[in-house]
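Colleague: sequence plus predicted model, see below.
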Amino acid sequence: MPIQCAIYCTVIDNFGDVGVCWRLARQLANEHDVNVTLWIDDLVSFSKLAPSLNPNLAEQPLEKITVCLWHKDDRDRLSPTHQNPLDIIIEGFGCRLPDFVIHKMAQQAKAGKPPLWINLEYLSAESWAVDCQAMPSPHPQTGLVQYFWFPSFSEKSGGLLREANLIERRDEFQSNIQAQADFWSKLSVTDTRPFDRKISLFSYENKAIHALLDTLAADQQTTLLLIPEGKALADVSHWLGQTLSQGDCITKQALTIIVLPFLSHQDYDRLLWICDLNFVRGEDSVIRAQWAGQPLIWQIYPQDDEAHIVKLNAFIDIVATINQNDSWQTMMLTWNTANYVHQWANALNHLADWQIMAREWQAFLTAQPSLTTKLMQFFHLKHSLSDK
(Lines give C-alpha, C1' and ligand atoms only; values in the text may rest on other atoms or scores of the structure.)
Protein backbone atom coordinates (compact mmCIF):
# COMPACT_ATOMS: atom_id res chain seq x y z
CA MET A 1 0.00 0.00 0.00
CA PRO A 2 1.29 3.50 -0.82
CA ILE A 3 2.24 5.68 2.12
CA GLN A 4 -0.53 8.20 2.92
CA CYS A 5 0.52 11.70 3.95
CA ALA A 6 -1.39 14.89 4.81
CA ILE A 7 0.33 18.28 4.90
CA TYR A 8 -1.45 21.21 6.59
CA CYS A 9 -0.47 24.78 5.72
CA THR A 10 -1.64 28.27 6.61
CA VAL A 11 -0.93 31.12 4.19
CA ILE A 12 0.20 34.09 6.26
CA ASP A 13 1.35 37.36 4.66
CA ASN A 14 3.77 36.05 2.07
CA PHE A 15 4.17 32.93 -0.06
CA GLY A 16 7.02 31.27 1.84
CA ASP A 17 4.94 28.88 3.93
CA VAL A 18 2.80 27.61 1.09
CA GLY A 19 5.82 27.58 -1.23
CA VAL A 20 7.77 25.29 1.09
CA CYS A 21 4.77 22.99 1.67
CA TRP A 22 4.07 22.79 -2.07
CA ARG A 23 7.68 21.83 -2.79
CA LEU A 24 7.61 19.29 0.04
CA ALA A 25 4.40 17.73 -1.28
CA ARG A 26 5.76 17.40 -4.82
CA GLN A 27 9.03 15.85 -3.69
CA LEU A 28 7.32 13.31 -1.46
CA ALA A 29 5.00 12.33 -4.32
CA ASN A 30 7.52 12.38 -7.17
CA GLU A 31 10.57 10.92 -5.47
CA HIS A 32 9.15 8.71 -2.72
CA ASP A 33 5.82 7.54 -4.21
CA VAL A 34 3.85 8.99 -1.29
CA ASN A 35 0.14 9.77 -1.72
CA VAL A 36 0.00 13.38 -0.52
CA THR A 37 -3.00 15.51 0.38
CA LEU A 38 -2.12 19.18 0.78
CA TRP A 39 -4.56 21.10 2.99
CA ILE A 40 -4.32 24.90 2.50
CA ASP A 41 -6.53 27.61 3.97
CA ASP A 42 -6.13 30.04 1.04
CA LEU A 43 -6.39 28.57 -2.46
CA VAL A 44 -6.48 32.01 -4.11
CA SER A 45 -2.98 32.84 -2.87
CA PHE A 46 -1.76 29.33 -3.66
CA SER A 47 -2.99 29.67 -7.26
CA LYS A 48 -0.34 32.35 -7.87
CA LEU A 49 2.31 29.68 -7.34
CA ALA A 50 0.29 27.00 -9.15
CA PRO A 51 -1.59 28.74 -12.00
CA SER A 52 -3.37 25.54 -13.09
CA LEU A 53 -5.10 25.33 -9.69
CA ASN A 54 -8.80 26.25 -9.63
CA PRO A 55 -9.21 28.32 -6.43
CA ASN A 56 -12.98 27.75 -6.53
CA LEU A 57 -12.71 23.97 -6.14
CA ALA A 58 -12.48 22.77 -2.54
CA GLU A 59 -10.83 19.51 -3.57
CA GLN A 60 -8.89 18.75 -6.76
CA PRO A 61 -5.91 16.85 -8.17
CA LEU A 62 -2.83 18.93 -8.96
CA GLU A 63 0.07 17.09 -10.55
CA LYS A 64 0.33 14.00 -8.29
CA ILE A 65 -1.09 15.83 -5.25
CA THR A 66 -4.64 16.12 -3.91
CA VAL A 67 -5.20 19.76 -2.92
CA CYS A 68 -7.99 20.57 -0.44
CA LEU A 69 -9.29 23.79 1.01
CA TRP A 70 -8.75 23.64 4.75
CA HIS A 71 -11.89 24.63 6.65
CA LYS A 72 -10.37 24.97 10.10
CA ASP A 73 -13.68 25.42 11.93
CA ASP A 74 -15.71 22.79 10.05
CA ARG A 75 -15.08 19.56 11.93
CA ASP A 76 -17.95 17.78 10.14
CA ARG A 77 -16.57 18.24 6.64
CA LEU A 78 -15.10 14.75 6.35
CA SER A 79 -14.65 13.92 2.69
CA PRO A 80 -13.20 10.53 1.63
CA THR A 81 -9.83 12.27 1.62
CA HIS A 82 -10.29 13.14 5.31
CA GLN A 83 -11.30 9.61 6.17
CA ASN A 84 -8.31 7.74 4.72
CA PRO A 85 -5.96 6.34 7.39
CA LEU A 86 -2.76 8.36 7.43
CA ASP A 87 0.84 7.27 7.82
CA ILE A 88 2.37 10.77 8.06
CA ILE A 89 0.85 14.08 9.15
CA ILE A 90 2.92 17.22 8.64
CA GLU A 91 1.96 20.41 10.45
CA GLY A 92 3.50 23.25 8.48
CA PHE A 93 5.21 25.84 10.65
CA GLY A 94 3.14 25.37 13.79
CA CYS A 95 -0.18 26.00 12.02
CA ARG A 96 -2.07 23.98 14.70
CA LEU A 97 -4.05 21.00 13.54
CA PRO A 98 -7.83 21.09 14.07
CA ASP A 99 -9.20 19.01 16.93
CA PHE A 100 -10.98 16.53 14.66
CA VAL A 101 -7.67 15.68 12.95
CA ILE A 102 -5.99 15.03 16.30
CA HIS A 103 -9.03 12.92 17.30
CA LYS A 104 -8.63 10.89 14.12
CA MET A 105 -4.92 10.40 14.86
CA ALA A 106 -5.77 9.21 18.37
CA GLN A 107 -8.25 6.69 16.97
CA GLN A 108 -5.56 5.33 14.66
CA ALA A 109 -3.18 5.06 17.59
CA LYS A 110 -5.74 3.06 19.60
CA ALA A 111 -6.03 0.70 16.63
CA GLY A 112 -2.27 0.19 16.75
CA LYS A 113 -1.45 2.34 13.72
CA PRO A 114 -0.41 5.80 14.93
CA PRO A 115 0.69 8.19 12.16
CA LEU A 116 4.06 9.90 12.29
CA TRP A 117 3.29 13.47 13.38
CA ILE A 118 5.84 16.03 12.15
CA ASN A 119 5.89 19.71 13.04
CA LEU A 120 7.87 21.30 10.21
CA GLU A 121 9.69 24.30 11.66
CA TYR A 122 11.19 27.40 10.04
CA LEU A 123 14.70 27.41 8.63
CA SER A 124 17.41 28.23 11.15
CA ALA A 125 21.20 28.06 11.23
CA GLU A 126 21.34 28.44 15.00
CA SER A 127 22.89 25.56 16.93
CA TRP A 128 19.82 25.01 19.12
CA ALA A 129 17.77 24.13 16.05
CA VAL A 130 20.15 21.30 15.20
CA ASP A 131 20.13 20.14 18.84
CA CYS A 132 16.30 20.04 18.79
CA GLN A 133 16.01 18.17 15.48
CA ALA A 134 13.44 15.33 15.72
CA MET A 135 12.77 16.15 19.37
CA PRO A 136 9.61 14.36 20.59
CA SER A 137 6.76 16.24 22.27
CA PRO A 138 3.80 14.26 23.71
CA HIS A 139 0.33 15.74 23.24
CA PRO A 140 -1.07 16.53 26.71
CA GLN A 141 -4.53 15.02 26.11
CA THR A 142 -3.95 12.12 23.70
CA GLY A 143 -0.35 11.11 24.39
CA LEU A 144 0.35 11.26 20.65
CA VAL A 145 3.99 12.13 19.98
CA GLN A 146 4.82 15.09 17.79
CA TYR A 147 8.36 15.41 16.37
CA PHE A 148 9.87 18.81 15.63
CA TRP A 149 11.65 18.96 12.28
CA PHE A 150 14.23 21.73 11.79
CA PRO A 151 15.55 22.46 8.27
CA SER A 152 19.12 23.68 8.47
CA PHE A 153 22.58 23.47 6.96
CA SER A 154 24.38 20.62 8.71
CA GLU A 155 24.35 16.86 8.45
CA LYS A 156 22.65 16.57 11.85
CA SER A 157 19.76 18.88 10.94
CA GLY A 158 16.48 18.13 9.20
CA GLY A 159 18.07 18.98 5.85
CA LEU A 160 16.92 21.23 3.01
CA LEU A 161 14.39 20.68 0.26
CA ARG A 162 16.19 19.71 -2.94
CA GLU A 163 14.88 17.73 -5.89
CA ALA A 164 16.99 14.73 -6.84
CA ASN A 165 17.93 16.12 -10.26
CA LEU A 166 17.98 19.83 -9.43
CA ILE A 167 21.70 20.50 -9.86
CA GLU A 168 21.81 18.55 -13.13
CA ARG A 169 18.87 20.60 -14.48
CA ARG A 170 20.59 23.81 -13.42
CA ASP A 171 23.86 22.87 -15.12
CA GLU A 172 22.05 21.90 -18.31
CA PHE A 173 20.18 25.22 -18.41
CA GLN A 174 23.30 27.27 -17.71
CA SER A 175 25.13 25.56 -20.59
CA ASN A 176 22.22 25.78 -23.07
CA ILE A 177 22.17 29.15 -24.87
CA GLN A 178 18.92 28.37 -26.65
CA ALA A 179 17.15 27.44 -23.41
CA GLN A 180 18.27 30.74 -21.90
CA ALA A 181 17.07 32.67 -24.96
CA ASP A 182 13.70 30.93 -24.75
CA PHE A 183 13.46 31.88 -21.08
CA TRP A 184 14.19 35.54 -21.75
CA SER A 185 11.61 35.49 -24.53
CA LYS A 186 9.02 34.04 -22.16
CA LEU A 187 9.70 36.95 -19.81
CA SER A 188 9.41 39.42 -22.75
CA VAL A 189 13.04 40.50 -22.24
CA THR A 190 14.26 41.16 -25.76
CA ASP A 191 18.05 41.37 -25.48
CA THR A 192 20.35 40.96 -22.48
CA ARG A 193 23.62 41.23 -24.41
CA PRO A 194 24.19 44.98 -23.81
CA PHE A 195 24.38 44.46 -20.06
CA ASP A 196 27.55 43.69 -18.12
CA ARG A 197 25.63 42.06 -15.27
CA LYS A 198 22.16 40.76 -14.49
CA ILE A 199 20.72 41.02 -10.97
CA SER A 200 17.41 39.80 -9.56
CA LEU A 201 15.75 41.67 -6.69
CA PHE A 202 13.15 39.87 -4.56
CA SER A 203 12.81 41.51 -1.16
CA TYR A 204 10.51 42.91 1.46
CA GLU A 205 10.32 46.66 1.89
CA ASN A 206 13.90 47.75 2.54
CA LYS A 207 15.42 51.19 3.04
CA ALA A 208 18.75 49.83 1.77
CA ILE A 209 17.33 49.49 -1.75
CA HIS A 210 17.88 53.19 -2.52
CA ALA A 211 21.64 53.01 -1.88
CA LEU A 212 21.91 49.93 -4.09
CA LEU A 213 20.04 51.61 -6.95
CA ASP A 214 22.16 54.76 -6.60
CA THR A 215 25.31 52.66 -7.01
CA LEU A 216 24.01 50.66 -9.97
CA ALA A 217 22.84 53.78 -11.81
CA ALA A 218 26.19 55.57 -11.36
CA ASP A 219 28.33 52.50 -12.04
CA GLN A 220 30.66 52.19 -15.04
CA GLN A 221 29.19 48.75 -15.77
CA THR A 222 25.66 48.40 -17.06
CA THR A 223 23.14 46.41 -15.03
CA LEU A 224 19.86 44.74 -15.93
CA LEU A 225 17.82 44.62 -12.71
CA LEU A 226 14.95 42.12 -12.80
CA ILE A 227 12.26 42.59 -10.17
CA PRO A 228 9.52 39.97 -9.79
CA GLU A 229 6.20 41.53 -8.85
CA GLY A 230 6.13 42.01 -5.09
CA LYS A 231 6.89 44.23 -2.10
CA ALA A 232 10.20 45.65 -3.38
CA LEU A 233 8.38 47.64 -6.07
CA ALA A 234 7.26 50.32 -3.61
CA ASP A 235 10.85 51.25 -2.71
CA VAL A 236 12.04 51.10 -6.31
CA SER A 237 9.09 53.24 -7.43
CA HIS A 238 9.89 55.80 -4.73
CA TRP A 239 13.51 55.93 -5.91
CA LEU A 240 12.44 56.47 -9.52
CA GLY A 241 9.72 58.95 -8.67
CA GLN A 242 7.11 56.99 -10.61
CA THR A 243 4.89 54.02 -9.94
CA LEU A 244 6.11 50.76 -11.47
CA SER A 245 3.94 47.85 -12.53
CA GLN A 246 4.37 44.51 -14.27
CA GLY A 247 5.96 44.78 -17.71
CA ASP A 248 7.58 48.19 -17.17
CA CYS A 249 11.11 48.77 -18.48
CA ILE A 250 12.87 51.89 -17.21
CA THR A 251 16.49 52.98 -17.83
CA LYS A 252 18.33 55.46 -15.62
CA GLN A 253 21.99 55.99 -16.48
CA ALA A 254 23.72 52.59 -16.32
CA LEU A 255 20.73 50.84 -14.76
CA THR A 256 17.81 49.25 -16.61
CA ILE A 257 14.91 47.98 -14.50
CA ILE A 258 12.38 45.43 -15.74
CA VAL A 259 9.36 44.43 -13.65
CA LEU A 260 8.54 40.76 -14.08
CA PRO A 261 5.24 39.01 -13.38
CA PHE A 262 4.89 36.76 -10.34
CA LEU A 263 6.90 33.68 -11.35
CA SER A 264 6.17 29.99 -10.95
CA HIS A 265 8.63 27.90 -8.96
CA GLN A 266 10.23 26.58 -12.13
CA ASP A 267 10.67 30.01 -13.73
CA TYR A 268 11.98 31.57 -10.52
CA ASP A 269 14.64 28.86 -10.37
CA ARG A 270 15.67 29.73 -13.93
CA LEU A 271 15.87 33.42 -13.04
CA LEU A 272 18.21 32.61 -10.15
CA TRP A 273 20.33 30.39 -12.39
CA ILE A 274 20.75 33.04 -15.07
CA CYS A 275 21.57 36.08 -12.91
CA ASP A 276 25.01 37.11 -11.67
CA LEU A 277 23.68 38.20 -8.26
CA ASN A 278 20.38 37.39 -6.55
CA PHE A 279 18.73 39.37 -3.78
CA VAL A 280 16.31 37.01 -2.01
CA ARG A 281 14.02 37.14 0.99
CA GLY A 282 12.48 34.92 3.64
CA GLU A 283 12.97 31.17 3.53
CA ASP A 284 11.97 29.51 0.27
CA SER A 285 13.80 31.82 -2.13
CA VAL A 286 17.03 31.83 -0.10
CA ILE A 287 17.22 28.03 -0.27
CA ARG A 288 16.58 28.08 -4.02
CA ALA A 289 19.27 30.74 -4.44
CA GLN A 290 21.79 28.51 -2.68
CA TRP A 291 21.07 25.68 -5.13
CA ALA A 292 21.61 28.16 -7.97
CA GLY A 293 25.28 28.39 -6.97
CA GLN A 294 25.27 32.13 -7.73
CA PRO A 295 26.14 34.98 -5.34
CA LEU A 296 23.21 35.94 -3.11
CA ILE A 297 22.23 38.58 -0.61
CA TRP A 298 19.53 37.46 1.82
CA GLN A 299 16.96 39.68 3.48
CA ILE A 300 15.91 37.64 6.47
CA TYR A 301 12.36 38.20 7.74
CA PRO A 302 12.56 41.33 9.96
CA GLN A 303 11.72 40.94 13.64
CA ASP A 304 11.33 43.34 16.55
CA ASP A 305 14.50 44.45 18.37
CA GLU A 306 16.54 43.08 15.44
CA ALA A 307 16.21 39.52 16.73
CA HIS A 308 16.58 38.42 13.10
CA ILE A 309 20.20 39.60 13.08
CA VAL A 310 21.11 36.80 15.51
CA LYS A 311 19.70 34.30 13.03
CA LEU A 312 21.45 36.02 10.14
CA ASN A 313 24.80 35.96 11.92
CA ALA A 314 24.37 32.24 12.61
CA PHE A 315 23.96 31.67 8.86
CA ILE A 316 26.95 33.89 8.03
CA ASP A 317 29.10 32.03 10.56
CA ILE A 318 28.31 28.58 9.18
CA VAL A 319 29.01 29.71 5.60
CA ALA A 320 32.35 31.06 6.84
CA THR A 321 33.36 27.52 7.87
CA ILE A 322 33.42 26.70 4.14
CA ASN A 323 34.59 30.04 2.74
CA GLN A 324 35.41 33.16 4.74
CA ASN A 325 34.47 36.26 2.70
CA ASP A 326 34.50 39.54 4.60
CA SER A 327 32.97 41.67 1.85
CA TRP A 328 29.97 39.35 1.48
CA GLN A 329 29.45 39.22 5.25
CA THR A 330 29.50 43.03 5.46
CA MET A 331 26.94 43.43 2.67
CA MET A 332 24.66 40.78 4.15
CA LEU A 333 24.52 42.87 7.33
CA THR A 334 24.20 46.07 5.32
CA TRP A 335 21.11 44.73 3.59
CA ASN A 336 19.45 43.79 6.87
CA THR A 337 20.24 46.66 9.23
CA ALA A 338 20.13 50.44 9.19
CA ASN A 339 23.46 50.83 10.99
CA TYR A 340 25.90 49.95 8.22
CA VAL A 341 27.47 52.16 5.56
CA HIS A 342 26.18 51.15 2.13
CA GLN A 343 29.40 50.47 0.19
CA TRP A 344 27.84 48.72 -2.81
CA ALA A 345 30.38 50.03 -5.33
CA ASN A 346 33.20 48.27 -3.51
CA ALA A 347 31.12 45.14 -2.90
CA LEU A 348 30.29 44.66 -6.58
CA ASN A 349 34.00 44.44 -7.33
CA HIS A 350 34.05 41.19 -5.32
CA LEU A 351 31.40 39.34 -7.32
CA ALA A 352 33.95 36.89 -8.77
CA ASP A 353 35.04 35.93 -5.24
CA TRP A 354 31.40 35.64 -4.18
CA GLN A 355 30.83 33.27 -7.10
CA ILE A 356 33.58 30.93 -5.88
CA MET A 357 32.15 31.03 -2.37
CA ALA A 358 28.62 30.31 -3.64
CA ARG A 359 29.73 27.23 -5.59
CA GLU A 360 31.77 25.87 -2.68
CA TRP A 361 28.85 26.38 -0.32
CA GLN A 362 26.39 24.75 -2.73
CA ALA A 363 28.68 21.71 -3.10
CA PHE A 364 28.87 21.40 0.69
CA LEU A 365 25.07 21.41 0.97
CA THR A 366 24.52 19.08 -1.98
CA ALA A 367 26.71 16.44 -0.36
CA GLN A 368 24.09 16.12 2.39
CA PRO A 369 20.83 14.16 2.06
CA SER A 370 17.77 16.26 1.23
CA LEU A 371 15.00 17.01 3.71
CA THR A 372 12.58 14.53 2.13
CA THR A 373 15.22 11.78 2.14
CA LYS A 374 15.89 12.34 5.84
CA LEU A 375 12.18 12.54 6.60
CA MET A 376 11.40 9.24 4.87
CA GLN A 377 14.34 7.54 6.57
CA PHE A 378 12.94 8.75 9.90
CA PHE A 379 9.46 7.48 8.97
CA HIS A 380 10.72 4.01 8.05
CA LEU A 381 12.74 3.85 11.27
CA LYS A 382 9.73 4.78 13.42
CA HIS A 383 7.46 2.48 11.40
CA SER A 384 9.78 -0.49 11.87
CA LEU A 385 10.03 0.14 15.60
CA SER A 386 6.24 0.35 15.97
CA ASP A 387 5.85 -3.01 14.21
CA LYS A 388 7.99 -4.76 16.83
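Modeller: Looks like it came in fine. Remember, predicted model here, so these are calculated numbers, not experimental data. Residues are numbered from 1 along each chain as shown.

Colleague: check what contacts stretch 156-167 and list those residues.
Modeller: Applying Cβ atoms under 8 Å, 6 or more residues apart in numbering, the external contacts of stretch 156-167 come out as 20, 23-24, 27, 30-31, 121, 123, 129-130, 133-134, 149-153, 169, 269, 287, 290-291, 362, 365-366, 368-375. The C-beta positions use only the backbone N, C-alpha and C, and glycine is treated the same way.

Colleague: out of the residues you listed, which are inside helices?
Modeller: Under the assignment DSSP state H, the contacts of stretch 156-167 contribute 20, 23-24, 27, 30-31, 129-130, 169, 269, 287, 290-291, 362, 365-366, 371-375 to helices.

Colleague: buried among these? Need that as a selection in ChimeraX.
Modeller: A single ChimeraX command selects the buried members of the ones in helices among the contacts of stretch 156-167 (16 or more other Cβ atoms under 10 Å):
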select :20,23,24,27,30,129,130,269,287,290,291,362,365,371,372,373,374,375
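
Colleague: worst-scoring helix or strand of the chain, pLDDT-wise?
Modeller: helix 80-83 (a mean of 56; mean pLDDT, DSSP states H and E).

Colleague: low pLDDT regions in the chain?
Modeller: 13-14, 72-83, 339-341, 385-388 (pLDDT under 70).

Colleague: give me that answer again for 50
Modeller: 75-76, 78-80 (pLDDT under 50).

Colleague: show me how it divides into domains.
Modeller: For the chain, the structural domains run 4-158, 166-366, going by automatic domain parsing.

Colleague: with adjacent residues omitted, what lies nearest to the residue most central in space within the chain?
Modeller: Among the residues of the chain, the one closest to the centroid is residue 284, at 0.9 Å (Cα atoms, centre = their mean). The shortest distance from residue 284 to any non-neighbouring residue, by Cβ to Cβ, 6 or more residues apart in numbering, is to residue 19 (4.1 Å).

Colleague: tell me how many other residues surround residue 273.
Modeller: Around residue 273 there are 22 other residues, counting by other Cβ atoms under 10 Å.

Colleague: wait, what's in contact with it?
Modeller: Contacts of residue 273 by Cβ under 8 Å, 6+ apart are 170, 173, 174, 292, 294.

Colleague: may I ask which helix or strand encompasses it?
Modeller: helix 265-274 (DSSP states H and E).

Colleague: what's the first helix or strand after that helix?
Modeller: Following helix 265-274 in sequence, per DSSP H and E, is strand 277-281.

Colleague: residue 281 reaches residue 201, doesn't it?
Modeller: No: assessed by Cβ atoms under 8 Å, residue 281 is found out of contact with residue 201, at 9.6 Å.

Colleague: before we move on, back to that, looking at the domains of the chain, which is closest to residue 382?
Modeller: Each of the domains of the chain has some distance to residue 382 by Cβ to Cβ; the shortest is domain 4-158, at 5.5 Å.

Colleague: between the two ends of that closest one, how far is it?
Modeller: Domain 4-158 has an end-to-end distance of 21 Å (criterion: Cα to Cα, to the nearest Å).

Colleague: ends of stretch 120-128, what's the gap?
Modeller: 15 Å.

Colleague: distance from the chain centre to it, please.
Modeller: Counting by Cα atoms, centre = their mean, to the nearest Å, stretch 120-128 is centred 14 Å from the centre of its parent chain.

Colleague: residue 332 sits in which helix or strand?
Modeller: Counting by DSSP H and E, residue 332 is found in helix 326-336.

Colleague: distance to residue 382 added to the domains of the chain, as CSV?
Modeller: Shown next, in CSV, are the domains of the chain (distance: least, Cβ to Cβ, whole Å):
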stretch, distance to residue 382
domain 4-158, 5
domain 166-366, 26
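
Colleague: tell me which of those sits nearest to residue 381.
Modeller: Across those, closest to residue 381 is domain 4-158 (Cβ to Cβ), at 9.7 Å.

Colleague: gap between residue 183 and residue 192?
Modeller: Counting by Cβ to Cβ, to the nearest Å, the separation of residue 183 from residue 192 is 10 Å.

Colleague: what is the neighbour count of residue 100?
Modeller: By other Cβ under 10 Å, 14 other residues sit near residue 100.

Colleague: what angle sits between the helix holding residue 332 and strand 277-281?
Modeller: Helix 326-336 runs at 40 degrees relative to strand 277-281, counting by axes from the mean of the first three to the mean of the last three Cα atoms, to 10 degrees.

Colleague: contacts for helix 326-336, please.
Modeller: Contacts for helix 326-336 (Cβ under 8 Å, 6+ apart): 206, 208, 279, 295, 297-300, 302, 308-309, 312, 316, 320, 340-344, 346-347, 350, 353-354, 357.

Colleague: against residue 321, how distant is the residue nearest to the centre of the chain?
Modeller: Distance from residue 284 to residue 321, by Cβ to Cβ: 24 Å.

Colleague: and residue 106, how far is that from residue 284?
Modeller: 33 Å.

Colleague: likewise for residue 135?
Modeller: With Cβ to Cβ as the criterion, residue 135 and residue 284 are 24 Å apart.

Colleague: and if you look at residue 354?
Modeller: Distance of residue 354 to residue 284, given as Cβ to Cβ: 21 Å.

Colleague: equivalent analysis for residue 137, please.
Modeller: Distance from residue 137 to residue 284, by Cβ to Cβ: 25 Å.
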